[in-house]
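> build the 3D model from these lines:
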Amino acid sequence: FAASPYLFGLARRWPEHLRAFLRDGPDVRLVEVLVRTEAMIGGADEMKGPLRRLKGELHLLTALADLGGVWDLDQVTGALSRFADASARAALRAVAHDQRERGKLISAPDDPRGPIPGLFGLAMGKHGADELNYSSDIDISLFWVPEVLTAVLDDSVEPQRFVDRIAHAFSTLMQDRTGDGYVFRVDLRLRPDPSSTPPVVAVPFALTYYEGVGQNWERAAFIKARAMLGDENEGRAFLQALTPFIWRRSLDYPAILDIQSIKRQIHVHKTGEGLEAAGANLKLGRGGIREIEFFAQTQQLILGGRDSNLRTPRTVDALAALRDAGHVDAEVCAELTAAYVELRELEH
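Take a look at the predicted model:
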């Protein structure tokens with residue numbers, strides 16, 4: 001831990017946790033951390049500290065398992081992604097609790113449709129594919145179903161303002177820095193036309209947007225999308241409705257040319273910057289992580305409309321599927337997979 005003041009500080013701060021991790025093993029302790037996170041109740045103020053301390057425990061045990069060679073890359077990224085799911089769900093429960101206490105939300109706390117029926121979030125990017133790394137932010141796209149949500153709000157509540165307040169409170173709870181750090185940085189920009197739309201987009205508008213003017217880079221982003229938060233049944237129905245948009249059976253030549261520029265389009269959309277990076281850059285540099293990811297995604301976009309076996313969110317699985325379908329040589333697949341795993345481990 002000498003090279004990581006953060007991990008060294010956690011180990012010194014919580015020697016009892018360190019002993020427990022070493023005694024019980026990471027798998028047992030991971031389940032215990034997730035169970036405690038999923039069992040959290042109360043409002044945002046009550047959850048702020050505990051959520052951040054649980055994140056610290058998760059990072060400490062994951063680092064021990066990673067550096068000690070107990071977990072491989074998939075287990076490391078899987079643990080981080082599972083905690084991202086659990087903490088995001090806890091945060092949404094907390095902000096829903098606060099709105100229920102204020103009389104704005106009238107659904108039952110244990111409503112099977114989720115904390116706020118009609119509101120759902122899609123995990124996007126590495127989060128959606130269960131590929132998070134230690135420093136990842138989480139990309140979440142938030143949507144609401146007007147006829148469902150309106151029915152569970154007090155008559156005095158304007159739905160769009162309500163969901164926008166929920167998004168703000170959710171992001172604040174997850175990413176505000178305190179003495180215990182933060183849980184995850186949250187990026188809500190992977191939504192239709194983020195410069196001119198509210199943080200939570202109504203489903204009818206979103207479907208019209210994607211079907212009418214959706215871009216190929218947005219199709220690529222949805223390859224990794226997963227209904228994760230809130231009313232997950234509505235989230236899965238939304239993704240099902242987008243299937244013809246994401247997975248087109250035929251593409252014209254200009255569309256294929258546009259797909260080839262997806263890497264630059266997504267990077268500029270996310271950062272507002274170009275792709276030039278000084279020195280060696282594991283993620284953005286030539287032959288880096290992002291080039292391997294977008295090689296797989298562009299092949300999926302071109303070929304996945306006619307072959308559903310190629311519609312997998314994880315990069316390594318996508319490379320294997322392309323190999324099995326005869327689109328990538330076995331030697332190339334093995335070389336790209338080995339490079340991807342090594343680069344991701346170095347990234348950590």
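
> buried ones in stretch 213-226, by neighbour count?
G214, N216, W217, E218, R219, A220, A221, F222, I223, K224, A225, R226 (16 or more other Cβ atoms under 10 Å). In this view, the C-beta of every residue, glycine as well, is placed from N, C-alpha and C.

> what's the closest of those to G125?
K224 (5.8 Å; Cβ to Cβ).

> tell me the SS of S107?
Under DSSP: H, G, I helix; E, B strand; the rest coil, S107 falls in the coil class.

> that one: neighbour count?
S107 has 20 neighbouring residues, counting by other Cβ atoms under 10 Å.

> hmm, it is touching D154, no?
No: with contact defined as Cβ atoms under 8 Å, S107 does not reach D154; the gap is 10.7 Å.

> and the most centrally placed residue in the chain, what does it touch?
Centrality entry for the chain: nearest residue to the mean C-alpha point is H127, 2.7 Å, by Cα atoms, centre = their mean. If you count contacts by Cβ atoms under 8 Å, 6 or more residues apart in numbering, H127 has them with S81, A84, S136, I138, D139, I140, R226, M228.

> now swap in I116 and tell me
Counting by Cβ under 8 Å, 6+ apart, I116 has contacts L92, A96, Q99, L105, S107, L149, V152, I166, G230, D231.

> alpha carbons of the helix or strand encompassing L7, as PDB, please.
Per DSSP states H and E, L7 falls inside helix 5-13. Backbone C-alpha positions of helix 5-13 (Å, rounded to 0.1, in the frame of the first residue of the first chain) are rendered in PDB as follows:
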ATOM      1  CA  PRO A   5      -2.000   6.900   0.500                       C
ATOM      2  CA  TYR A   6      -5.700   6.300   0.200                       C
ATOM      3  CA  LEU A   7      -5.500   2.500   0.800                       C
ATOM      4  CA  PHE A   8      -2.800   3.000   3.500                       C
ATOM      5  CA  GLY A   9      -5.100   5.400   5.300                       C
ATOM      6  CA  LEU A  10      -8.000   3.000   5.200                       C
ATOM      7  CA  ALA A  11      -5.900   0.200   6.600                       C
ATOM      8  CA  ARG A  12      -4.700   2.300   9.400                       C
ATOM      9  CA  ARG A  13      -8.100   3.800  10.100                       C
END
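
> what is it packed up against?
helix 44-67 (3 or more Cβ pairs under 8 Å, 6 or more residues apart in numbering; DSSP states H and E).
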